[in-house]
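> Task: produce atomic coordinates for the following.
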Amino acid sequence: MRDGGTLITIVGGYGDAFLALPSIREVARRRGRHQVHLLCPEAHISAFFADLDFNYLPIPPDMESVSAADLAPLSIREVISFNVYYPCPVDQLVGEVFASARWRGFFDRHGRLMVRPSALVNKHKRDQYFEVLGLYPTYTPTDRRLALRPERVDDITAFCLKERPPGGRRFYTLHLDTQDIKMWPVGSWAAVVEYLWNRWRAWPLIIGKPTDSSDALLRKFPFARGMFSYPSITDQVCGVSVGHAFLGIDSMFAHVAESLQIPSVVLFGPFDLTVWGPTSETSLAIQMRAPELLQDLKPVDVIQGVDATLSGALA
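The predicted structure follows:
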């Protein structure tokens, strides 16, 4: 390894990591893959970054950072922090170990804002990462997508065909589990699921983690299916990729569906659509004005969005 590498740190949620893909790929193009070290949660490497051929510094599960001893052998001339949340223990450690390295980030190593404040409210999160790099956000549709192995897509396609219920036609992936502030009552989901079955014989393949809500839907509807036997993020993304539509809450899977141009209806909590919302005409975001009001969103309002956005995909 030559001296003077670049160290990228990103330790947010799955959605943050996925939306950073175009900017991280741009760093690889400009710096050279083998000159880049990536410090992030271990689970994010296998889910998003395994194909990048970087020098990986995985943060073990249940740990908030690596150790100074893990970083000390590296020769780093530039740190790029894609962490928008401060204080960040990882960045504090990196800032101490590589005190002389050039620093790019939303915040500097001392917590002072480095990007224009307007960029944090007027730009999509995917484009904010380019603000950190000092670049205009230019990327292709492929830059936004995960690299899926064809054999895994084939395996998941075969699983979906095997799971198709009697009388079922096309299926949509359904994602329910997220932060409490973004959740919608299971009774409301049930009304929409029942409508889709009665109108088009469209059946849900529930992705994410098993929850009380998913258990309730699987008990109520014999045509509903779960993908919980394939818990890896990559396999579940394959499920999204072969589904005819996506329905769910604001999550990484919603961003994945939009990147693949899968017709989608997404329920948003209190988060800014300018920053986190879909940018594709194939996706519809439904949002209430205040977080507590998401619980009051009526199934009929979601059904209207489904009719307008998903009818071509599910009919």
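
> And the strands in the stretch 151-300 of the chain?
Here the stretch 151-300 of the chain has its strands, by DSSP state E, counting those that start in this stretch, at 171-175, 203-207, 225-226, 245-249, 264-268, 283-287.

> Can you add mean neighbour count, mean pLDDT and distance to L294 and give the ones you listed back as a markdown table?
From N, CA and C alone the C-beta is placed, and that goes for glycine too. Below are the strands of the stretch 151-300 of the chain laid out as a markdown table (neighbours: other C-beta atoms under 10 Å; pLDDT from 0 to 100; distance: least, C-beta to C-beta, whole Å):
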| stretch | mean neighbour count | mean pLDDT | distance to L294 |
| --- | --- | --- | --- |
| strand 171-175 | 27 | 98 | 15 |
| strand 203-207 | 26 | 98 | 20 |
| strand 225-226 | 20 | 98 | 24 |
| strand 245-249 | 26 | 97 | 9 |
| strand 264-268 | 26 | 94 | 7 |
| strand 283-287 | 19 | 92 | 8 |
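
> Nearest residue to the middle of the chain?
M252 (2.3 Å; C-alpha atoms, centre = their mean).

> which residues touch that one?
For M252, the contact set (C-beta atoms under 8 Å, 6 or more residues apart in numbering) comprises G13, Y14, G15, A17, F18, I233.

> and of these, the nearest to M288?
Of all these, G15 has the smallest distance to M288: 19.5 Å, by C-beta to C-beta.

> Look at the residue lying closest to that closest one once chain neighbours are set aside and report its pLDDT.
Once flanking residues are discounted, G15 sits nearest to M252: 4.4 Å by C-beta to C-beta, 6 or more residues apart in numbering. What the model reports for M252 is a pLDDT of 94.

> where does the protein have low pLDDT?
1-3, 289-293 (pLDDT under 70).

> Next, format the strands of the stretch 151-300 of the chain as TSV and append distance to P150.
Formatted as TSV, these follow (distance: least, C-beta to C-beta, whole Å):
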stretch	distance to P150
strand 171-175	19
strand 203-207	20
strand 225-226	23
strand 245-249	21
strand 264-268	23
strand 283-287	25
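
> for those strands, which one sits closest to M183?
Closest approach to M183 among the strands of the stretch 151-300 of the chain is made by strand 245-249 (7.0 Å; C-beta to C-beta).

> Let me see the domain layout of this structure.
The chain breaks down by automatic domain parsing into domains covering 5-143, 150-314.

> Between the two ends of the shortest one, how far is it?
Chord length of domain 5-143, first to last residue, is 23 Å (C-alpha to C-alpha, to the nearest Å).

> what sits against P141?
Neighbouring residues of P141 by C-beta under 8 Å, 6+ apart: S259, Q261.

> Who are the contact partners of F107?
S81, N83, Y86, C88, D91, L113, M114 are the contacts of F107 under C-beta under 8 Å, 6+ apart.

> now R225
Each residue near R225 by C-beta under 8 Å, 6+ apart is listed here: E163, P165, F171, W203, P204, L205, I206, L218.

> any chance you could map the helices in the stretch 51-200 of the chain?
Taking DSSP state H, counting those that start in this stretch as the criterion, the stretch 51-200 of the chain carries its helices at 68-71, 89-97, 119-122, 125-133, 150-163, 186-200.

> Please report the distance of R25 from V153.
21 Å (C-beta to C-beta, to the nearest Å).
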